[in-house]
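>>> model this:
(2 chains)
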Number of protein chains: 2
Amino acid sequence: MQEYHLKNRPNREIKADSEINDILQRGKFAVISMCRNNEPYIVSLSYGFDAEKKSLYVHCAPQGLKIDFFHSNPRICATIIEDGGYVIDECAHNYKTVVFWGNICFVTDLEEKKHGMKILLNHLENNRNLIQEKLSKSDDYYSNMEVLRIDIKQIHAKAGR
Amino acid sequence: MQEYHLKNRPNREIKADSEINDILQRGKFAVISMCRNNEPYIVSLSYGFDAEKKSLYVHCAPQGLKIDFFHSNPRICATIIEDGGYVIDECAHNYKTVVFWGNICFVTDLEEKKHGMKILLNHLENNRNLIQEKLSKSDDYYSNMEVLRIDIKQIHAKAGR
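You can find the predicted model right below:
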């Protein structure tokens, strides 16, 4: 994968890994850019951040346009945005954001699917067990959904204004 | 351009043009997906919505990775998100969103650059004149920036949860 060096406005760059991880930990959804035959597509997906693997887990229905794109080209570029709002009279916007490049991987192993959903629910929910009891009465649940892992290969973060 | 029919969860679709326009009018920034040699990239940009032209105007520095991508392939897919927040204990997220496909056009005509910046500042600011006085002491201002127009070719909107 090509490595990108973003040189615009270096004073806005966030360099500390801990601060970058905080943005990944606090975010609730990622906006994901993908390509098929040089045509772009974009989706927003709830995620869970696996800090150990430096990966995100998402889940979705097993059919749909994004699944077709992911199968055609697993490369993605995604962003997580902390939107602090537009600053009236200053022509500025308060934000923190990460942009990262990576590959989408379809998780097929049942144990990793369970791990991914655990990461996702721990990330999003206060009481993961409550939801997991509701959703997964049996392992059949996992066969009717896609669990996807996004492995982060390169990441940039910045803050404005 | 290929026309996409998004058939997942039709009960979430927003069909009324007025409601779709409201999302475009209220949004402060768009997240834009682009492709170059089948590699994806993503940026978030403040915009102004020109309802008459069904276009968005954005502005940016004349150099940078996104400019390189736009020159290489003017096709984009973008989203504007009204984030109502994650709903704890319900495994759901409150949102309204539009996803649209279109082409990026580099505005070169000075009068259209002025029009684009007027649309942008009217959209973002309470008092456009205050900012415009600060920023544009003369027409030279416009020669040091790119004004881009995104013409919307197809748009979908949906609401969850």
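
>>> make it CA atoms for all contacts and neighbour counts henceforth
Fine.

>>> is stretch A:110-119 up against chain B anywhere?
No. Legend: contact between stretch A:110-119 and chain B by CA under 8 Å from any CA of the partner chain is lacking; minimum distance shown is 11.6 Å.

>>> Just give me the neighbour total for A:Val107.
Residues within reach of A:Val107, counting by other CA atoms under 10 Å in any protein chain shown, total 17.

>>> Test my guess that it contacts A:Val147.
Yes. Here A:Val107 reaches A:Val147: they are 5.6 Å apart, a contact under CA atoms under 8 Å.

>>> tell me, what's touching those two both at once?
Listed as contacting both A:Val107 and A:Val147 by CA atoms under 8 Å, 6 or more residues apart in numbering or on different chains are A:Lys113.

>>> Ramachandran angles for A:Asn103?
Phi and psi for A:Asn103, reported as degrees, to the nearest 10, are phi -120, psi 140.

>>> Need phi/psi at A:Arg36.
In terms of degrees, to the nearest 10, the main-chain angles of A:Arg36 are phi -140, psi 120.

>>> My guess is it contacts A:Asn73. True?
Yes. Contact status for A:Arg36 versus A:Asn73: in contact at 6.3 Å, counting by CA under 8 Å.

>>> OK, contacts around A:Asn37?
B:Asn38.

>>> should've said A:Leu45
Counting by CA under 8 Å, 6+ apart, the residues that A:Leu45 touches are A:Phe29, A:Ala30, A:Val31, A:Ile32, A:Val58.

>>> Quick one: residues contacting the last one.
Listed by CA under 8 Å, 6+ apart, the contact set of A:Val58 reads A:Leu45, A:Ser46, A:Tyr47, A:Gly48, A:Gly116, A:Leu120, A:Val147, A:Leu148, A:Arg149.

>>> in stretch A:89-109, what counts as buried?
For stretch A:89-109, burial by neighbour count (16 or more other CA atoms under 10 Å in any protein chain shown) applies to A:91, A:93, A:96-107.

>>> typo on my end, stretch A:71-86
Buried residues in stretch A:71-86 (16+ other CA under 10 Å): A:Asn73, A:Pro74, A:Arg75, A:Ile76, A:Cys77, A:Ala78, A:Thr79, A:Ile80, A:Ile81, A:Tyr86.

>>> how near is the fifth one to chain B?
As defined by CA to the nearest CA, to the nearest Å, A:Cys77 lies at a distance of 5 Å from chain B.

>>> Tell me who's in contact with A:Tyr95.
A:Tyr95 sits next to A:Ile81, A:Glu82, A:Asp83, A:Gly84, A:Gly85, A:Ala159, A:Gly160, A:Arg161 when contact means CA under 8 Å, 6+ apart.

>>> repeat that for 10 Å
A:Ile81, A:Glu82, A:Asp83, A:Gly84, A:Gly85, A:Tyr86, A:Lys158, A:Ala159, A:Gly160, A:Arg161 (CA atoms under 10 Å, 6 or more residues apart in numbering or on different chains).

>>> would you turn the contacts of A:Leu45 into TSV with secondary structure?
As requested, the contacts of A:Leu45 are exported to TSV (DSSP: H, G, I helix; E, B strand; the rest coil):
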residue	secondary structure
A:Phe29	strand
A:Ala30	strand
A:Val31	strand
A:Ile32	strand
A:Val58	strand
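
>>> with these in mind, which one is nearest to A:Asp139?
Nearest to A:Asp139 among the contacts of A:Leu45: A:Val58, at 17.8 Å, using CA to CA.

>>> that older thread, show me which pair in the contacts of A:Tyr95 is furthest apart.
Across the contacts of A:Tyr95 (CA to CA), the longest gap, 16.2 Å, separates A:Tyr86 and A:Lys158.

>>> tally of neighbours for whatever residue of chain A ends up closest to chain B?
Nearest to chain B in chain A, going by CA to the nearest CA, is A:Asn38, at a distance of 4.6 Å. When counting by other CA under 10 Å, one arrives at 16 neighbours for A:Asn38.

>>> Kindly report the same for A:Gly160.
14.

>>> so what's it bridging to?
A:Tyr95 (DSSP bridges).

>>> dump the residue contacts of it.
Neighbouring residues of A:Gly160 by CA under 10 Å, 6+ apart: A:Arg9, A:Asn11, A:Arg12, A:Glu13, A:Gly84, A:Ala92, A:His93, A:Asn94, A:Tyr95, A:Lys96, A:Thr97.
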